[in-house]
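In: mind looking at a prediction? Sequence and model below.
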Amino acid sequence: MKIFTIIYSSIILTVFHNLFEKKPLDESIADGKELYNDFCSQCHLTDGKGVKGVYPPLANSDFLLDVEKTINSIKYGLKGPIIVNGEKYNSIMISQGLDDEEISDVVNYILNSWGNTSANIVTEEMVSAVR
């Protein structure tokens with residue numbers, strides 16, 4: 001009976017550890033790239049440069065410096081004028097219906113692509129905290 005209890009406890013601990021383990025940044029970026037290509041590249045293009053005057057660039061974008069605003073715009077969409085790299089944009093970006101983990105992956109990909117760099121990982125918990 002003791003052996004069964006030990007084995008059962010080990011299995012339960014392993015399952016819980018795997019469920020709540022943080023995703024490594026490189027895995028998040030890889031997942032984010034796939035999501036970006038599926039949901040974002042149609043407007044912001046595969047190189048992240050966007051379309052001047054219509055869809056703002058994500059490559060070397062000063063807008064991305066405010067990570068909470070970036071998360072909010074992906075999570076809830078964005079409407080109204082914004083300034084990106086000194087240029088005004090006034091398009092509508094609708095929410096793509098991504099869940100919090102998918103949003104964190106996309107943000108990690110964007111923050112680490114096309115000349116953007118971020119030392120911090122955006123987590124699912126950070127995304128869920130944005131209201």
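Out: Cool, got the structure. Numbers count the residues shown, from 1 in each chain.

In: for stretch 110-120, what is the average pLDDT?
Out: Here stretch 110-120 scores 95 as its mean pLDDT.

In: ends of it, how far apart?
Out: 13 Å (Cα to Cα, to the nearest Å).

In: try stretch 110-126
Out: End-to-end distance for stretch 110-126: 16 Å, by Cα to Cα.

In: buried ones in that stretch, by neighbour count?
Out: For stretch 110-126, the neighbour count (16 or more other Cβ atoms under 10 Å) marks Ile110, Leu111, Asn112, Ser113, Trp114, Asn116, Ile121, Val122, Thr123, Glu124, Met126 as buried. Backbone N, C-alpha and C define where each C-beta goes, glycine included.

In: buried set for stretch 80-97?
Out: So, applying 16+ other Cβ under 10 Å, buried residues of stretch 80-97: Ile82, Val84, Tyr89, Ser91, Met93.

In: what does that stretch contact?
Out: 39-40, 43, 52-57, 60-63, 73-79 (Cβ atoms under 8 Å, 6 or more residues apart in numbering).

In: rewinding a little: let me have the buried residues of stretch 80-97 in JSON lines, extended by secondary structure.
Out: Shown next, in JSON lines, are these (DSSP: H, G, I helix; E, B strand; the rest coil):
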{"residue": "Ile82", "secondary structure": "strand"}
{"residue": "Val84", "secondary structure": "strand"}
{"residue": "Tyr89", "secondary structure": "strand"}
{"residue": "Ser91", "secondary structure": "coil"}
{"residue": "Met93", "secondary structure": "strand"}
